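In: Predicted model and sequence below, questions to follow.
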Amino acid sequence: GYRRGIISVPVPSGSPPTPATPDGAGPAAPQAVPRVPGWSRITLDGQTLTVPRDLRLDLGATAKAVAADLAAARVHARLGCGVLVSLGGDLATAGPGPAASARPGPWQVLVQDLPADPSQRIALEPGFALATSSTQKRRWTHDGADVHHILDPRFGRPAEALWRSVTVAAPTCLEANAFSTAAVVRGLAAFEWFRSEGIPARFVDRQGRTAATGGWPADSRNAEAVVSHG
């Protein structure tokens, strides 16, 4: 867990040892461990992904988004109706939107991270997805410092929390999740990157100010706008 001690983490032979600190026990004895293999050692050639034998991938960062995509698609395939699946900040849709008068319309979605944060109601076109990455929720104290769960792979530690949250719209929740997480990691540079690539996104900074890219509607508590991708 994030705040609990990790009792045991099974690792394959040859992987760096993982100290265990059960709840209520004293700190584990320090251990000298080799440098953890870096992401740059992974190669992608067309459809072939090569992972070094001593490196293990943790797909937890995208598992929830993929689950939302799969669940929405499977329910729609089974029942033939419009479907919206929301899994803790990862939202996917499939099939037609909810019926408004005589024809289906967009999904009405409230975008907000924490209750005190600025909120925005948007109209999400059917077949699109949303994902929000936040530096506010999964937090704990480590070595006297307040940290969060989104790591900067360049340094192996939590990314600087320049954004409270970033919400992205994309054709799949997996894609939206990848972009929103990358935006937190890239910090201020992410805003210009998204703007140049036309990625629909909503940024909330440390002071609660909002900014939008890629056609995402400007914040207005009284306005409602359609969000899609491309």
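Out: Perfect, thanks for sending it. Numbers count the residues shown, from 1 in each chain.

In: rest of the way, CA atoms for contacts and neighbours
Out: Will do.

In: Walk me through which strands the longest strand along the chain pairs with, and which way each runs.
Out: Taking DSSP state E as the criterion, the chain has its longest strand at strand 163-170. Sheet pairing of strand 163-170 (DSSP bridges) gives strand 129-134 (antiparallel), strand 201-205 (antiparallel).

In: Check which residues of stretch 70-85 are buried.
Out: Of all the residues in stretch 70-85, those buried under the rule 16 or more other Cα atoms under 10 Å are 70-73, 75-76, 82-85.

In: my guess is residue 181 is in a strand, correct?
Out: No. Going by DSSP: H, G, I helix; E, B strand; the rest coil, the assignment for residue 181 is helix, not a strand.

In: Can you check which of the strands paired with strand 163-170 gets nearest to residue 90?
Out: Closest to residue 90 of the strands paired with strand 163-170, according to Cα to Cα: strand 129-134, at 4.5 Å.

In: And the helices in this structure?
Out: All helices of the chain, identified by DSSP state H, fall at 60-79, 173-186, 188-197.

In: from these, which stretch is densest packed?
Out: Greatest average neighbour count among these goes to helix 173-186 (a mean of 24), per mean count of other Cα atoms under 10 Å.

In: Would you pull up how far that helix lies from the middle of the chain?
Out: Its chain's average C-alpha position is 5 Å from that of helix 173-186, according to Cα atoms, centre = their mean, to the nearest Å.

In: what's the answer for stretch 119-126, then?
Out: Counting by Cα atoms, centre = their mean, stretch 119-126 is centred 18 Å from the centre of its parent chain.

In: May I have it as PDB, with CA atoms only?
Out: In PDB, the C-alpha atoms belonging to stretch 119-126 read as follows (Å, rounded to 0.1, in the frame of the first residue of the first chain):
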ATOM      1  CA  SER A 119     -15.400  22.100 -11.400                       C
ATOM      2  CA  GLN A 120     -16.600  22.000 -15.000                       C
ATOM      3  CA  ARG A 121     -19.500  20.200 -16.600                       C
ATOM      4  CA  ILE A 122     -18.800  19.000 -20.100                       C
ATOM      5  CA  ALA A 123     -20.600  17.200 -22.800                       C
ATOM      6  CA  LEU A 124     -18.500  14.200 -23.900                       C
ATOM      7  CA  GLU A 125     -19.200  12.800 -27.400                       C
ATOM      8  CA  PRO A 126     -20.000   9.000 -27.400                       C
END
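
In: Look at residue 94 and say how many residues are nearby.
Out: 25 (other Cα atoms under 10 Å).

In: give me every residue that touches it.
Out: Residues in contact with residue 94 (Cα atoms under 8 Å, 6 or more residues apart in numbering) are 72-73, 76, 82-84, 126-128.

In: now the residues you listed as a markdown table including pLDDT and distance to residue 114?
Out: Formatted as a markdown table, the contacts of residue 94 follow (pLDDT from 0 to 100; distance: Cα to Cα, whole Å):
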| residue | pLDDT | distance to residue 114 |
| --- | --- | --- |
| 72 | 98 | 25 |
| 73 | 98 | 29 |
| 76 | 97 | 30 |
| 82 | 93 | 28 |
| 83 | 96 | 25 |
| 84 | 97 | 21 |
| 126 | 93 | 25 |
| 127 | 93 | 26 |
| 128 | 96 | 23 |
